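Asker: starting from these lines, generate the structure:
(one chain, ligands or ions: 1)
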Amino acid sequence: MAPTNTPAPLEGKKRRIGVMTSGGDSPGMNGAVRAVVRMAIHNKCEAYAIYEGYDGLVKGGDMIKQMEWEDVRGFCSEGGTLIGTARCMEFMQRPGRLQAAKNLVVKGIDALVICGGDGSLTGADKFRSEWQGLLKELVDTKELTDTDIEPFQHLNIVGLVGSIDNDLSMTDATIGCYSSLARICEAVDSVDTTATSHQRAFVIEVMGRHCGWLALMTGVATGADFIFIPEEPPKENWEEEMCQIVKKHRALGKRKTIVIVCEGAHDQNLKKITPTAVKDLLSKKAGLDTRITTLGHVQRGGTPSAYDRMLSTLQGVEAVKAVMEATPETPSPVICIVENKIVRRSLLEAVAQTKEVATAIEAKDFDRAMELRDAEFAEYYKAYQITTAADQPELMLPEKDRMRIGIIHVGAPAGGMNAATRAAVAYCLARGHTPIALHNGFPGLIRHHSDEPLGAVREIKWLDAEGWASKGGSEIGTNRGLPSENLEVVSKVFDKYNIQGLFVVGGFEAFTAVSELRKGRDHYSSFKIPMVVLPATISNNVPGTEYSIGSDTCLNALIQYCDACRQSASASRRRVFVIETQGGESGYIATIAGLSIGALAVYTPEDGINIKMLDKDIDHLREVFLKDKGQGRAGKIILVNEKASKVYSVQIIADMIAEAGKGKFESRHGVPGHFQQGTTPSPMDRVRAVRFGVKSLQHLESFAGKSKDEIDEDPLSTVVIGIKGAKVLFSPMDTVEKKETDWKLRRPKNEFWMDLKDTVDVLSGRPKVTKSH
Ligand code: ATP
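Answerer: Have a look, this model is predicted:
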């Protein structure tokens, strides 16, 4: 038994940290405020909320209030910003900032965490650069004395990017952008069904004055027919091109047309492209019954998605660490995320680079504008183009480089499997490859000769896959069975259909299957073909990646379930829900969901459950309910992974809590079960499925023309694609199998998220507990 390492408070000067939200609100801002407040208190600092953005900073007084631990209870799940936001003209002028500086000194605040868009962060940077001058002026005008300002020579500012537009350079995502994308995709999915019924066209306008991220991602996630974004305006003859693409899709049998127009869309000469202009074209030139849908402020609202709750929480935690570690020389940071890694970047540079995008667009230097967005943006754009546009003769490979690619799903269904398959099919067709579905996993192939009426091996046509972008489940059928059930038959089927590359989508079984095929190469030469595993499982337990498609959909389903449970307790206020999560031997889902909802405790198989742990947590619950004055608004949640303990089931834990809490609080257990697989896949799973699907196919086709022996000798001929830290990588199976896989427990040896469990504990104020193993 070892004690958990709930992080001890950081060393450093004890600070008074102000936190504010500014500019347009975005879902997730509350999670950031909660994390800053609690992390500050955990580190023996004081936390102050500055209400209504810079307005509160300029006005001072009651607009700047000290925050206690309980004041931010329940914040994670709330949309918008509970401490208010505003656009403040006074702060744009020096006298306003002078007043703001005085208010900070009077309140004794020496560090400021600001969550807002590029405008807010520009203001923050200006404030910091003027700080000493402002203090001097306050002394010169006798508003403050030298003694007053002496402890405040350096103001630390940390930026958190809260914006639905995802418009700040140097970060892959801003707090709120994925929630907004979810809202948009929900709307497009709804419009989709009616469009299909009536064979209509819809032009949908989405937000983004200078940034086309929302429009681009909507296009990728929904398989829209055409998109307009400011960074990459359409070609000179776009009217013609758009109508041609749309007509081509219709000729292939598509019954609906969706065009996404970004608010800031324009042509190559910066002439605005309006939804009305697009609608007129589609009606008159393409002869389609066309409607316009403008989503407006719906896009800003609602509860934050799981990702935004997690991102804002982790960034809030990092912001406090940045404050604690800052020296007078440290430049102001902005907290960013690159793929899966939280990083600090220079606030000054991020703001400058963001402004440069707008300047590049104004100068019609669109290549530069694309370059200045993160690399991911350009990749998504290319993936969108290649998987959507019809007729791209320039992309066709010469006959000799075209391959027959087998696509197979293995394991339980996970959100995004179909989106990945659709992307792979579209990519194959654009390049001249033949996409072949291997239906119902390996058992499907093994049964192939006997009882599959249609045959398990079928070419996929464009129209078959076109509608799969947003579909949950597995359209080509999935199965847990492994090729080792009958390697010989699998090999015969590969030979018979001349499968020259294999794209495997699935979880730990998919990984195991490819491992078996790789080892089977010694006996069966038909397996000497390139193979890629795209991890897709809600458990996110595939070695070689920190992210599996489907896991985000699962987290969203789970937080929805938890939010509903918690709300059901709002009348009694004193109820503890003990909820069982899936995840097999990996506590990932439980931990990240715990981070996203602010769970009181998370029990994982990695740590196990023991009586001392339960005892301490019950004591903690007593304390929490004693202090709760209604801020929690609802019940408390404990998440328990299905394999955390062989003894303590959720029912037993709930009964123990109820027994201990008699008269003070009650307890219920819940098992969401397969609900966690979600219904419609989340936009994040869908867009990543497309991006990774395209990348996987590019990898497979790089082996075209190579001999079987050359392929066999190349470790990169069997790979798993995944995110590791700040990178997207292909890792050779051989290495991952030997070095990174815990075969017994079916999970990676090093689970990147283990430290995050400590963060859940710190933010819920959980006392140090003792692990079982
Ligand atoms: P969104 O992305 O939603 O537009 P934002 O933070 O960019 O959010 P803005 O309205 O541009 O929103 O800025 C919010 C506030 O930040 C402004 O009302 C103002 O108080 C302050 N601010 C913006 N730019 C500056 C600046 N150049 N100097 C000082 N303060 C500024």
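Asker: element containing the spatially most central residue of the chain?
Answerer: For the chain, the residue lying nearest the average C-alpha position, counting by CA atoms, centre = their mean, turns out to be Tyr307 (4.5 Å). Using DSSP states H and E, Tyr307 sits within helix 306-325.
Asker: for stretch 328-347, measure first residue to last.
Answerer: 15 Å (CA to CA, to the nearest Å).
Asker: that stretch vs the ligand: in contact?
Answerer: No - using CB under 6 Å from any ligand atom, stretch 328-347 stays clear of the ligand, with a minimum separation of 12.2 Å. (Each C-beta comes from the backbone N, C-alpha and C, glycine too.)
Asker: neighbouring contacts of that stretch?
Answerer: 121, 124-125, 128, 153-154, 156-161, 168, 170-173, 311, 314-315, 318-319, 322, 348, 350-351, 374, 376, 546-547, 723-728, 752 (CB atoms under 8 Å, 6 or more residues apart in numbering).
Asker: rerun that using 7 Å as the cut-off
Answerer: With CB atoms under 7 Å, 6 or more residues apart in numbering as the contact definition, stretch 328-347 has outside contacts at 121, 125, 128, 154, 157-161, 170-173, 311, 314-315, 318-319, 322, 348, 350, 546-547, 723, 725-728.
Asker: Asp148 contacts Leu104, doesn't it?
Answerer: No - if you go by CB atoms under 7 Å, Asp148 and Leu104 don't touch, sitting 11.3 Å apart.
Asker: state the pLDDT value of the residue of the chain positioned farthest from its centre.
Answerer: Distance from the C-alpha centroid of the chain, by CA atoms, centre = their mean, peaks at Lys142 (50.2 Å). pLDDT, Lys142: 96.
Asker: and it, how far from His433?
Answerer: From Lys142 over to His433 the distance is 77 Å, taken as CB to CB, to the nearest Å.
Asker: then Ile260?
Answerer: Using CB to CB, Ile260 is found at 28 Å from His433.
Asker: next helix or strand past the lowest-mean-pLDDT helix or strand in the chain?
Answerer: Least confident helix or strand of the chain, by mean pLDDT, DSSP states H and E, is helix 448-451 with a mean of 59. Tracing the chain C-terminally past helix 448-451 and defining elements by DSSP H and E, one meets strand 457-459 next.
Asker: quick check: next helix or strand after that next one?
Answerer: Later in the chain than strand 457-459, the nearest helix or strand by DSSP H and E is helix 462-466.
Asker: so what's the gap between the helix or strand just after that next one and the chain middle?
Answerer: Using DSSP H and E, the next helix or strand after helix 462-466 towards the C-terminus is strand 478-479. Between the centre of strand 478-479 and the centre of its chain there are 26 Å (CA atoms, centre = their mean, to the nearest Å).
Asker: for strand 478-479, give the mean pLDDT please.
Answerer: For strand 478-479, the mean per-residue pLDDT is 94.
Asker: helices or strands next to that strand in the packing?
Answerer: Counting contacts by 3 or more CB pairs under 7 Å, 6 or more residues apart in numbering; DSSP states H and E, strand 478-479 is packed against strand 404-410, helix 441-446.
Asker: which of those sits most buried?
Answerer: Scoring the helices and strands packed on strand 478-479 by mean neighbour count under mean count of other CB atoms under 10 Å gives strand 404-410 as the most buried, with a mean of 27.
Asker: ok now it, how far from the chain's centre?
Answerer: On the basis of CA atoms, centre = their mean, strand 404-410 sits 26 Å off its chain's mean C-alpha point.
Asker: ditto for stretch 327-343
Answerer: If you compare the mean C-alpha spot of stretch 327-343 with that of the full chain, they lie 19 Å apart, counting by CA atoms, centre = their mean.
Asker: what's the span of that stretch from first residue to last?
Answerer: End to end - CA to CA - stretch 327-343 spans 18 Å.
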